[in-house]
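Asker: sharing a sequence plus its predicted fold:
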Amino acid sequence: MIWNPERECAEREQMHQLQSEQLSRMIQRMYDHVPFYRNRFKEKGIEPGDISSVEQLKELPFTTKDDLRENYPFALFTVPQSDIIRIHASSGTTGKPTVVGYTWQDLEIWSEVVARSLTMAGVHSKDTIQVAYGYGPFTGGLGLHYGAEKVGATVIPISIGNTRKQLQFMTDFNATVLACTPSYAAYLGESILKEGFSPEDVKLRIGIFGAEPWSNEMRKEIEKLLRIKAYDIYGLSEVIGPGVSKECECQCGSHIFEDHFIPEIIHPETLEVLPDGEIGELVFTTVSKEAMPLLRYRTRDLTRLYREKCACGRTLVRMEKCLGRSDDMLIIRGVNVFPSQVESVLMEMSEISPHYQLIIRREKNLDTLEILVEINEKNWSDSIRELEMIKHRIELNIKSLLGVRATARLMEPHSIERSEGKAKRIIDLRK
Ligand code: DLL
């Protein structure tokens, strides 16, 4: 069991003091070693010695993904190349990837926050964890791997893909914990019988799922399919990888490891800091990272923060499940909607399997939404009239709960393409 009660249960004042000390050291290091930051500080008339409290964070400049791209690949590193032990990169569908470097100490911090994350879910040294996130420049595989080793669990480093082999290892090696994207967990769950395995041979008890948005309704579906308790883990490569925040056993928001990553919520347009409880864009300052610390990094992820003490005893601030990325917000005839909200509505209907896609088109200058939904095996044999009623009910629920007019297209079981990593839920035909 790896956790840090002094930090995870610290009084707010203690946490502020720690953050303030770390922040002023970080600003000095950025000023000394990174021309990009030094210029930004100079533009704002900030000298490193001016910053002594975390309360001053709001006066400091933001960093964006474009800043990372413009400094590709290594211009934001604060240490010489010889101190860099590992490099990860996020794929990025457009333009250059974003690169992240780690020193030994950074890797140590990373495995500690992932180990703390696993402990939060009740994972311990007797567990066997199947890591089915991708190993490679993506941070999911190696991030979970080192955290799980630190907890002392047995790791199966299977990476993504080869569903039959996944189930073979899972059952033969008695895996008790599964770490992968929620969409792949749903796929593995529905494949157990199809691939000729018996649900009794699956000994899983915990799922560590993240890397993409997923609703609480999807959680219930996966928990039922795999007979486990499923926990959300959040992170992004720029900040460190998985393990920026994680749900505890109460499953009521993810605790952010704010002794390393200071969160803020800002209004995405006015950029002003929003009070706790309000939805906005999540911003992180990584105060303890050596190789590539980030100042007020705009994640584009939308969520809210709350600081009430959690029933688990931790005082670490919590973030709500991510609504999605601001870039993924759809505007359908003037109504804003996130794919995760559509997912919540769909997953409430028992006739639908947890696989869907949203197709956005532009017709006569108006955006239209078509939802491809897969009917489960049991209901696929229904009469045409019954299927028509399901289609009608989906469209009605989407309209009444989200205020958006959508057309539903019912699909045969197993016909929507499955993903092994992050699911491709949106097909945007407008561009
Ligand atoms: O997805 C790191 C990770 C790996 C997290 C494994 C959790 C588990 P990137 O590829 O850089 O890193 O993508 C980061 O994915 O900004 C969010 O938009 C999204 N994301 C990550 N975790 C969650 C989550 C990894 N739990 C981007 N819920 C982030 C919703 C998530 N979105």
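Answerer: Good, I have the coordinates.

Asker: what parts of the protein come near the ligand?
Answerer: 90, 133, 138-140, 210-213, 232-237, 241-242, 299, 301, 322, 325 (CB under 6 Å from any ligand atom). (C-beta placed from N, C-alpha, C; glycine too.)

Asker: for these, which PyMOL command selects only the ones that are buried?
Answerer: Filtering those down to the buried ones (16 or more other CB atoms under 10 Å) takes a single PyMOL command:
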select buried, resi 90+133+138+139+140+210+211+212+213+232+233+234+235+236+237+241+242+299+301+322+325
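
Asker: what ranges do the helices span in the stretch 251-400 of the chain?
Answerer: 339-347, 377-380, 384-402 (DSSP state H, counting those that start in this stretch).

Asker: try the stretch 51-200 of the chain
Answerer: Using DSSP H, counting those that start in this stretch, helices in the stretch 51-200 of the chain cover 65-70, 104-120, 139-151, 163-172, 182-194.

Asker: which one of the helices of the stretch 251-400 of the chain lies nearest to Phe169?
Answerer: helix 377-380 (25.7 Å; CB to CB).

Asker: could you say what helices and strands that closest one packs with?
Answerer: Applying 3 or more CB pairs under 8 Å, 6 or more residues apart in numbering; DSSP states H and E, one finds that helix 377-380 makes contact with helix 384-402.

Asker: which is the next helix or strand following the helix it packs on?
Answerer: strand 406-411 (DSSP states H and E).

Asker: number of residues surrounding Gly143?
Answerer: When neighbours are defined as other CB atoms under 10 Å, Gly143 has 29 of them.

Asker: might you report the residue contacts of the closest residue to it other than its chain neighbours?
Answerer: In this structure, Gly143 finds its nearest non-sequential neighbour in Gly241, 4.0 Å apart by CB to CB, 6 or more residues apart in numbering. By CB atoms under 8 Å, 6 or more residues apart in numbering, the contact set of Gly241 is His88, Val100, Trp110, Val114, Thr139, Gly140, Leu142, Gly143, Gly235.

Asker: with Gly253 instead?
Answerer: Glu247, Tyr306, Cys310, Arg318, Met319, Glu320, Lys321.

Asker: tell me which residue in the stretch 201-350 of the chain sits closest to the ligand.
Answerer: Per CB to the nearest ligand atom, Gly210 is where the stretch 201-350 of the chain lies closest to the ligand, at 3.1 Å.

Asker: pLDDT wise, what is that residue at?
Answerer: Listed pLDDT for Gly210 reads 98.

Asker: for it, which non-adjacent residue is spatially closest?
Answerer: Gly210 sits nearest to Ile233 (CB to CB, 6+ apart), 3.9 Å away.
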